[in-house]
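Q: Here you go, sequence then predicted model.
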Amino acid sequence: MSCESNGGGCSCSGDAVSDDTAAVRARLSKIKHKVIVLSGKGGVGKSTVATNLAVALSSEGKRVGLMDVDFHGPSIPGMLNLKKEKLTSNGSAVVPFEVAGLKVVSIGLLIDDADAAVIWRGPMKMTAITQFVKDVEWGELDYLIIDSPPGTGDEPLSVCQVIEDLSGAVVVTTPQSVAVDDVRRSVNFCHQLNIPVLGVVENMSGFVCPKCGELTEIFKSGGGEKMASEMKVPFLGKIPIDPQIAHAGDDGKPYVYHFAKTESAKCFEKVVSPILAMDVMNGKAAAEQVKEKGGNVMRIAIPMVEGKLSNHFGHCEKFALLDVNKDTGAVESREDITPPPHEPGLLPKWLAEKNADLIIAGGMGNRAQGLFTEQGIIVVTGAPVDEPENIVKAYCAGTLVTGDNLCDH
Ligand code: ADP
């Protein structure tokens, strides 16, 4: 029912939503960051990246869910040794499995015949995806990692439509040019749907000989990296072909957990780090992330109203841009600049052009955080209403108290 139909006296936005949409929104409302993992085609390591990303975030103490909606080969049950398990219900909802604190649900564990699902027609898949998302009770999560069907067709589109407010996408490719062409389409797919691209992962990039350690470029390496730079999206890193990664997947042992000390695990770590930074609520952890960016000076952007932090960055009067010495915490310069008129997605690009490394804000929505991450800007939310110098001082001392991510818009 729209507002017009009740005389326009209603204070709601006027959007009529279906029961399904409302149910999906309610189910996902307690999840802070929803990250979809996409690939131009199957077999490039999308599920491997999704699984290891989820496990790595969980190992960092984050509350994480992993949702496998890849009809073509729900491989996550195998990768986490859950193949023989069956999902259970608590009477009103499906309960995810817990593997060392990580919550996991796979469409392969929910439908009787995963092979048959591949030939389902579009509407059936849409219904299945909606039902699947609607029926699982995740509870409170910092991250939900979604292993999407491959490609840019109806299936990933349905997933993106059902899960409305995705924080962003991680796009997986292999380095050879055919795969890179496919993934270019994935990046365009995200642009069309307004989904921030958190970054591109170049998987199977070179082979490290287990005996002599020599790196052989089986496919021409660097294709994914070049494409990311051409399309102006972040490059998250390369992961080599490592037989141990394949064996770990086959044995149901998440690689980054069981082989945490290896060089390949370090490659995964690099890929995970900007995603982890999305949930950096405390100044100390953000400082670590900024340090990794190199250079002696960091540029911190703070949205302001009447000289103090504005809780709604999108409608602030000014941005204070402070250049701060990373070692001493001294403010070297400050400039207050007027942002362009409010338009979705514009501020992250504008602040990236101003070379901001970090934004310290009061409240910020999921999508906006993803857009800043897409621009390589680290986000700290929940900062108090105070003068920019005081905020920066506390931030550099590691004493910035960050509360809830409240947006007063
Ligand atoms: P997708 O989800 O894109 O179809 P998968 O993640 O299922 O791809 O990976 C396909 C196969 O390749 C799996 O057997 C997996 O273990 C293996 N694999 C993925 N990445 C690597 C890697 N970097 N090194 C070795 N094997 C890998």
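A: Perfect, I can see it now. Residues are numbered from 1 along each chain as shown.

Q: shaky segments in the protein?
A: Across the chain, the ranges flagged by pLDDT under 70 are 1-16, 112-120, 280-289, 404-409.

Q: for it, longest strand please?
A: strand 197-208 (DSSP state E).

Q: Now find how far off-centre that one is within its chain.
A: 16 Å (C-alpha atoms, centre = their mean, to the nearest Å).

Q: Around the ligand, which positions in the stretch 51-200 of the chain sit nearby?
A: Counting by C-beta under 6 Å from any ligand atom, the stretch 51-200 of the chain comes close to the ligand at 73, 75. The C-beta positions use only the backbone N, C-alpha and C, and glycine is treated the same way.

Q: burial count for the closest residue to the ligand within the stretch 51-200 of the chain?
A: Proximity to the ligand, evaluated over the stretch 51-200 of the chain using C-beta to the nearest ligand atom, is greatest for residue 75 at 4.4 Å. Residue 75 has 21 neighbours, counted by other C-beta atoms under 10 Å.

Q: What sits closest to it if chain neighbours are left out?
A: Leaving aside its chain neighbours, residue 75 sits nearest to residue 47 (4.5 Å; criterion: C-beta to C-beta, 6 or more residues apart in numbering).

Q: just checking, the residue of the stretch 51-200 of the chain closest to the ligand touches residue 46?
A: No - Residue 75 is not in contact with residue 46 according to C-beta atoms under 8 Å; the separation is 9.1 Å.

Q: ok, back up a step: how close does the residue nearest to residue 75 sit to the ligand?
A: 3 Å (C-beta to the nearest ligand atom, to the nearest Å).

Q: In the helix or strand hosting that residue, which residues are buried?
A: In the assignment (DSSP states H and E), residue 47 maps to helix 46-59. Buried residues in helix 46-59, counted by 16 or more other C-beta atoms under 10 Å: 46-59.

Q: just stretch 63-77 next, same as before
A: So, applying 16+ other C-beta under 10 Å, buried residues of stretch 63-77: 63-71, 73-77.

Q: Ends of that stretch, what's the gap?
A: End-to-end distance for stretch 63-77: 19 Å, by C-alpha to C-alpha, to the nearest Å.

Q: Over to stretch 58-67?
A: Termini of stretch 58-67 sit 14 Å apart (C-alpha to C-alpha).

Q: that older thread, the longest strand of the chain vs helix 46-59, what angle?
A: 110 degrees (axes from the mean of the first three to the mean of the last three C-alpha atoms, to 10 degrees).

Q: Tell me the helix or strand right after strand 197-208.
A: Next along the chain after strand 197-208, taking DSSP H and E as the criterion, comes strand 215-216.
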